[in-house]
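Q: sharing a sequence plus its predicted fold:
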Amino acid sequence: MFADIWLVINKDIRIEWRSRVTLSQVVPFALTVLVLFGFALDANREVLAAATSGLFWLTVLFVAVVAVQRSTAIETADGARRALLLAGIEPSSVFVGKALAVAAQILGVEVLMVGGVLVFYDATVESLPLLLATCAVATLAIAASGTLLGALAAGVRARETVLPILLLPVLAPVLIAASRAFDDALGVVAVDGWAWLGLLAGFGAVNALLGALAYGPLLEET
Amino acid sequence: MTHLGYLLVGWGVSLGCGVLYAARLVLRGRSLAARVPAGQRRWMTSDDGAGSAAESAAPDRGAPS
Amino acid sequence: MSIVALRGAVVLLGRFPALSGVDLEVDAAEVVLLQGPNGAGKSTLLRFCAGLLRPHSGSAVVLGHDLRESRPAVRRSVGLLGHDTALYDDLTITENLQFLARASRIELEAVGSALDRLGVSARLHDVVAGRLSAGQRRRVALAGVALRRPELWLLDEPHAGLDQWGRDLVDGLVAEAAADGATVLVASHELDRTLDLATRRVTVAGGAITADVVAAASAVDPSGVQSNRGADVC
Amino acid sequence: MSAGAVKTGSRTTRLLGFAVLVGVLALILLGFFGAPEDDEQRDAVRMIFVHVPSAFLTYTALVITAVGSAMWLWKRSRWWDIVAHSAAEIGVIFCGLTLFTGSIWGRPTWNTYWDWGDVRLVTTLILFLMLVGCLALRSAGGDEDAVATRAAVVGLLAAVNVPIINRSVEWWSNRTLHQKSSLTDGNLEDLTLFTLVVGIVVWALFFVWAMIHRFRIGWLERQLRAIDLETALVQRRAEASTESAGETSQ
């Protein structure tokens, strides 16, 4: 099982590395959004500081939609999904593998975005462990629900619009919880960031479990 | 009575939605039922007195599975 | 034991009955040629036998597994060459086939020999699949099927887009598989090419089998259709 | 009512429908003239008799959708798929009504139509969006089984995530304008409580009535699809004879 998961991660990351879609399109997109938010709110430094966490995670959600769309497109192009079925890999392994590959890409973008936030928004890191843990847990949660809904939208005709319509409401708790945890980590608002992290972990676990169970039936339906 | 406007809007929209939805269900049901052959109808009634017959016809077959 | 046993199999693509009641029995080591016009249901029949589609009604047993319940088990033991080649454009040929090999628990050495078998030259091994010509892609996809050494080969227009040399390679491959005891179903328009390999010619039309002829070595006259089994469902 | 019209109604649903009509009349009388006005909210409190029942039924519908979805994925039972579809559709209506009556009620009592800090409000809004997404998937069309599977996954996703959304919004805002469950803390006048119970019962009866009719519609649609399939099969088989006739004549 772990061999299969690793096989899928390896494949997706390799494809990403070759095509560099995330690197060449998603990263500039994310940084542009951050800068534009800056323009929109810069008249008031305090507002920008207060909104930093929310803007950061909102941008991550947009990035996630793009990353998931790309990850799904790899399998739908030229009948690769069929090959995956014929190869006989357990669907739950495919799910975990693809989710982890998406998570790795989003994490990469987040690292650059944290840099961007520190530079453009004048943010300071108060608690590095909390910051890193939030990024890791929230990203896994986003990738799990994203991969599940990506597979779900893959068979629908208007998949480009269906995915965000379904995914963004589901991710609402991630937006709330990760933003609050970031508020704590960046020292913007004194809240208990670790408690929020627990909520994120719960969300991630529930959605990952559902994804692992439901991915098989979704892959079956052509 | 205070706040009568708010109350009327709230109650009115709630009951109105209920009525509209109910009407839609009944009409949709009628147009669909008319297109299904009599032998395959279940639970359906019709006004011409054959209702009970249609209702009891084919109690077992055609259950969605 | 029948490798494929279909009785009244109906398969829907959306609401369209692509297969409208197929009766087909194929025994081990047979080479069956499926022929028929476009849209007759040949490709659907192959995908169905590969365990990729759910039967709507009728009974279907492939390699001893019921297609209603255990399609994953069927999928592991068949090799399907479809219209699309199912290769990842951004991976090299070797990477594509190694992925397939690892996923189906096959020795990695098999990759090299399968590529050689289909005449894919060594200088192409590290080229990404997206850069290949249609014919090269097809040969790589066939290597992917050969790699698995499947019990049941399902080939959809295997000659399409190949040059003379490539076609001979395919014919050789099919002959070899049959000699090894594997069963082969080939859908093809090009009757003359596949005829000499086929032990049986099955005509598909309107999503059903309309004629089923044993092709003796003394080539059967294509117009003299003598129906001898499971024919004419309608 | 033209003679001979075929309906999805039966004796049971007619009785139910009659009970709902009587119940609504009783509810209006009780709600506007029976129940006393509240000390603080004055007459605005009378909104509770439509707001709380629809909220209650929204979440009932969500549970039914989730059960139906799980049963479809587990047993591939068409019956449960139709149940899930019916409950989701009726749930969207009740959910919309909950949001609407909630904000209408909020204006005179909290002095705002919408408050982002309120847990139940925000939770219900997100639930509404998910249910709309679920129905959008249903109407997007495609293979019948595939549509059912997709909708089932979204239905389960919504049900599983609602408690988490609720928790997150509660921590986030840490304040709620809603009174703590009015039913249990005994602050309500006896007649108000009685009227509220009547309201829930009447709306629940309507819910059952609508579920039965909606289920029958789903079932009829399924019958019609089966009939269409029969014709399509006949046509498909006919293709074979024309094709082979053409072939032999060549």
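A: On my side now, so go ahead.
Q: the lengthiest helix in chain C: what's the following helix or strand?
A: The longest helix of chain C (DSSP state H) is helix C:164-179. Later in the chain than helix C:164-179, the nearest helix or strand by DSSP states H and E is strand C:183-187.
Q: please give the element, helix or strand, for whatever residue of chain B ends up closest to chain D.
A: Here the residue of chain B nearest chain D is residue B:29; by C-beta to the nearest C-beta that distance is 3.1 Å. Bear in mind the C-beta positions are built from the backbone N, C-alpha and C, glycine included. Here residue B:29 sits within helix B:4-35, counting by DSSP H and E.
Q: ok so, going back, burial measure for the nearest residue to the residue of chain B closest to chain D once chain neighbours are set aside, as a count.
A: Nearest non-adjacent residue to residue B:29, counting by C-beta to C-beta, 6 or more residues apart in numbering or on different chains: residue D:8, 3.1 Å away. Residues contacting residue D:8 under the criterion other C-beta atoms under 10 Å in any protein chain shown number 25.
Q: now swap in residue D:36 and tell me
A: Residue D:36 has 13 nearby residues by other C-beta under 10 Å.
Q: just to be sure, it is in a helix?
A: No. Counting by DSSP: H, G, I helix; E, B strand; the rest coil, residue D:36 falls outside a helix, being coil.
Q: need phi/psi at it.
A: phi -80, psi 160 (degrees, to the nearest 10).
Q: distance check, it against residue A:54.
A: According to C-beta to C-beta, to the nearest Å, residue D:36 and residue A:54 sit 45 Å apart.
Q: residue C:161 too?
A: From residue C:161 to residue A:54 the distance is 53 Å (C-beta to C-beta).
Q: these two: who's more crowded?
A: Legend: neighbour count by other C-beta under 10 Å for residue C:161 and residue A:54, higher for residue A:54 (17 against 14).
Q: OK, contacts around the closest residue to chain B within chain C?
A: Per C-beta to the nearest C-beta, residue C:57 is where chain C lies closest to chain B, at 11.5 Å. By C-beta atoms under 8 Å, 6 or more residues apart in numbering or on different chains, the contact list for residue C:57 reads C:8, C:9, C:10.
Q: so which of these belong to strands?
A: Counting by DSSP state E, the contacts of residue C:57 place C:8, C:9, C:10 in strands.
Q: quick check: closest non-adjacent residue to the second one.
A: The reference is to residue C:9. Going by C-beta to C-beta, 6+ apart, residue C:9 has residue C:58 as its nearest residue, at 4.0 Å.
Q: ok and whichever strand or helix holds the one you found relative to strand C:183-187, angle-wise?
A: Here residue C:58, judged by DSSP H and E, is contained in strand C:57-62. For strand C:57-62 against strand C:183-187, the angle by axes from the mean of the first three to the mean of the last three C-alpha atoms, to 10 degrees is 130 degrees.
Q: how about the ones in strands among the contacts of residue C:57 in CSV, adding neighbour count?
A: Output for the ones in strands among the contacts of residue C:57, formatted as CSV (neighbours: other C-beta atoms under 10 Å in any protein chain shown):
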residue, neighbour count
C:8, 16
C:9, 25
C:10, 20
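Q: and of these, the nearest to residue D:127?
A: Checking the ones in strands among the contacts of residue C:57 against residue D:127 with C-beta to C-beta, the nearest one is residue C:10 at 39.5 Å.
Q: wait, isn't the closest one in contact with residue C:17?
A: Yes. Counting by C-beta atoms under 8 Å, residue C:17 is a contact partner of residue C:10 at 5.9 Å.
Q: which residues are common contacts for these two?
A: Residues touching both residue C:10 and residue C:17 by C-beta under 8 Å, 6+ apart: C:56, D:233.
Q: which stretches of chain B have low pLDDT?
A: B:1, B:42-65 (pLDDT under 70).
Q: ok, 50 please
A: B:48-65 (pLDDT under 50).
Q: centre-most residue in chain C?
A: Centroid check for chain C by C-alpha atoms, centre = their mean gives residue C:154 as the closest residue, at 1.5 Å.
Q: now do the same contact list for that one.
A: Residue C:154 neighbours (C-beta under 8 Å, 6+ apart): C:46, C:47, C:49, C:50, C:78, C:79, C:80, C:81, C:185.
Q: show me which of those residues neighbour chain A.
A: Among the contacts of residue C:154, the residues that sit close to chain A (C-beta under 8 Å from any C-beta of the partner chain) are C:47, C:50, C:78, C:79, C:80.
Q: counting neighbours, what do you get for the closest residue to residue C:153 other than its chain neighbours?
A: In this structure, residue C:153 finds its nearest non-sequential neighbour in residue C:184, 4.3 Å apart by C-beta to C-beta, 6+ apart. Residue C:184 has 27 neighbouring residues, counting by other C-beta under 10 Å.
Q: so residue C:184 sits against residue C:28, correct?
A: No. Counting by C-beta under 8 Å, residue C:184 sits too far from residue C:28 to count as a contact (10.8 Å).
Q: show me where chain A has its helices.
A: Under DSSP H, chain A gives helices at A:2-19, A:21, A:27-41, A:45-76, A:80-87, A:91-120, A:128-154, A:159-170, A:172-185, A:193-220.
Q: spell out which residues of chain A are next to chain D.
A: Near chain D, when you scan chain A using C-beta under 8 Å from any C-beta, you find A:145, A:148-149, A:152, A:155-158, A:162, A:165-166, A:169-170, A:172-173, A:176-177, A:180, A:195-196, A:199, A:202-203, A:206-207, A:210, A:214, A:217-218, A:220-222.
Q: an error on my part: the question was meant for chain C.
A: Residues of chain C lying near chain D by C-beta under 8 Å from any C-beta: C:10, C:12-17, C:20-21, C:36-37, C:40, C:54, C:203, C:205-208, C:210-211, C:223, C:225, C:233-234.
Q: just the ones of the residues you listed in helices?
A: Going by DSSP H, the helices hold none of the residues of chain C next to chain D.
Q: residue D:192: what's it in contact with?
A: For residue D:192, the contact set (C-beta under 8 Å, 6+ apart) comprises D:35, D:36, D:38, D:45, D:48.
Q: is there a quick PyMOL command that grabs whichever of those are buried?
A: PyMOL command restricting the contacts of residue D:192 to the buried ones, with burial defined by 16 or more other C-beta atoms under 10 Å in any protein chain shown:
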select buried, chain D and resi 35+38+45+48
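Q: I'd like the contacts of residue D:192 laid out as a markdown table, including pLDDT and distance to chain C.
A: Below are the contacts of residue D:192 laid out as a markdown table (pLDDT from 0 to 100; distance: C-beta to the nearest C-beta, whole Å):
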| residue | pLDDT | distance to chain C |
| --- | --- | --- |
| D:35 | 75 | 53 |
| D:36 | 74 | 58 |
| D:38 | 70 | 56 |
| D:45 | 78 | 52 |
| D:48 | 85 | 47 |
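Q: distance to residue C:130 added to the contacts of residue D:192, as JSON lines?
A: What follows is those, written out as JSON lines (distance: C-beta to C-beta, whole Å):
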{"residue": "D:35", "distance to residue C:130": "72"}
{"residue": "D:36", "distance to residue C:130": "76"}
{"residue": "D:38", "distance to residue C:130": "70"}
{"residue": "D:45", "distance to residue C:130": "68"}
{"residue": "D:48", "distance to residue C:130": "63"}
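Q: just the buried residues of stretch D:108-125, please?
A: D:108, D:109, D:115, D:118, D:119, D:120, D:121, D:122, D:123, D:124, D:125.
Q: and it, end to end?
A: Start-to-end span of stretch D:108-125 (C-alpha to C-alpha, to the nearest Å) is 20 Å.
Q: could you pull up the mean pLDDT of that stretch?
A: The average pLDDT within stretch D:108-125 is 76.
Q: try stretch A:156-163
A: 83.
Q: briefly note if it comes near chain C.
A: No. Stretch A:156-163 stays clear of chain C (C-beta under 8 Å from any C-beta), getting no nearer than 11.3 Å.
Q: list the contacts of that stretch.
A: The contact list for stretch A:156-163 (C-beta under 8 Å, 6+ apart) reads A:65, A:68-69, A:72, A:149-150, A:153, D:133, D:136-137, D:140-142, D:150.
Q: thanks a lot, catch you later.
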